[in-house]
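Enquirer: Structure of the sequence below:
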Amino acid sequence: MKLFNQIFLSALFSGIIAGLVLASIQHFTVVPMILEAESYEVIDEEPATNHEEEAEAWAPEDGGERTFFTASSSVVIGIGFALLLVVGYTLRGSVTWQKGILWGVAGWLVFNLAPSFGLPPELPGDAAAGLEQRQVWWLLTVILTAMGLWIVAFQPKPILKLFGIALIALPHIFGAPQPEVHQGLAPQELRTSFHIATLATNAVFWMVLGAFSALFFNRFAESKESSTVGKTIP
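Expert: Residues are numbered from 1 along each chain as shown. You can find the predicted model right below:
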């Protein structure tokens with residue numbers, strides 16, 4: 001139970017911090033680009049051919065509502081990814097906050113950089129292949145990249161490290177599913193800037209998450225040891 005509390009609380013606190021950091025940075029970088037891309041969608045819309053109102057998917061209003069939901073989703077994502085990192089710390093036995101940053105960089109490589117080579121971040125109005133195909137390729141890329149990095153980082157034999165590199169390269173050799181025509185409503189300059197900004201903000205998110213998850217993990221480990229020692233002293 002104490003180990004569970006250590007894992008859960010470490011993930012909770014670090015996920016909240018990293019999620020709020022991510023939402024704050026994206027508010028001034030990524031979100032304005034999304035809003036600009038959405039304006040091209042509005043311009044491109046054709047007038048309705050009938051008088052019936054079509055149901056539209058719900059979306060938060062711009063301003064405070066959108067900021068709230070963006071921050072909330074970032075925190076939830078942060079807690080989820082922090083759980084993965086803390087479980088990794090538990091398997092390895094110990095971690096410093098410096099090594100936590102390296103774990104965070106590994107998380108960025110697995111969940112952001114590697115998939116972006118085949119499926120770059122998309123703006124509203126971008127053409128894309130079928131959702132199910134993209135989800136399968138993304139999931140396989142994440143799994144194989146994580147396995148490959150783990151092997152490269154923790155296996156001493158060179159032949160195993162080569163195998164890990166091969167796993168990382170495998171999904172890119174087969175290639176990600178692509179649309180028949182590569183196009184988007186937003187200008188190419190905006191799409192490129194969005195790609196770079198998304199990767200950069202997520203890099204900051206992962207490094208903050210790695211550092212704080214390691215700090216909290218060690219802090220709660222010390223608290224657990226102190227309580228155990230206190231109970232054994234007569």
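Enquirer: Can you give me the domain boundaries for this structure?
Expert: 1-39+65-126+188-234, 128-183 (automatic domain parsing).
Enquirer: Which strands and helices lie in contact with the helix or strand of the chain with the lowest mean pLDDT?
Expert: None of the helices or strands of the chain scores lower by mean pLDDT, DSSP states H and E than helix 30-44, at a mean of 83. Counting contacts by 3 or more Cβ pairs under 8 Å, 6 or more residues apart in numbering; DSSP states H and E, helix 30-44 packs against helix 188-232. Heads up, the C-betas are built off the backbone N, CA and C, glycines and all.
Enquirer: hmm, 10 Å instead?
Expert: Applying 3 or more Cβ pairs under 10 Å, 6 or more residues apart in numbering; DSSP states H and E, one finds that helix 30-44 contacts helix 2-28, helix 64-92, helix 188-232.
Enquirer: Touching it from outside, list them.
Expert: Applying Cβ atoms under 10 Å, 6 or more residues apart in numbering, the set of residues contacting helix 30-44 from outside is 22-23, 25-26, 59, 62, 66-67, 70, 121-126, 184-187, 190-191, 193-195, 197-198, 200-202.
Enquirer: Which positions in it come out as buried?
Expert: Under the neighbour-count criterion of 16 or more other Cβ atoms under 10 Å, helix 30-44 has 30-31, 33-34, 36-38, 40 buried.
Enquirer: Just the buried ones from the contacts of helix 30-44?
Expert: 22-23, 25-26, 66-67, 70, 121-126, 184-186, 190-191, 193-195, 197-198, 201-202.
Enquirer: where does the chain have low pLDDT?
Expert: Within the chain, the stretches with pLDDT under 70 are 43-63, 182, 224-234.
Enquirer: Swap in 80 and give it another go.
Expert: 1-2, 41-64, 93-94, 180-184, 222-234 (pLDDT under 80).
Enquirer: For the spatially closest residue to Glu41 that is not a sequence neighbour, what are phi and psi?
Expert: Leaving aside its sequence neighbours, Glu41 sits nearest to Gly125 (Cβ to Cβ, 6 or more residues apart in numbering; 4.9 Å). Here is the backbone geometry of Gly125 (degrees, to the nearest 10): phi 100, psi -10.
Enquirer: Likewise for the one 3 residues further on?
Expert: The phi and psi values for Ala128, taken as degrees, to the nearest 10, are phi -150, psi 160.
Enquirer: What of Asp126?
Expert: phi -80, psi 140.
Enquirer: Confirm for me that it is in contact with Pro179.
Expert: Yes - checked against Cβ atoms under 10 Å, the pair Asp126 and Pro179 is within contact range at 8.7 Å.
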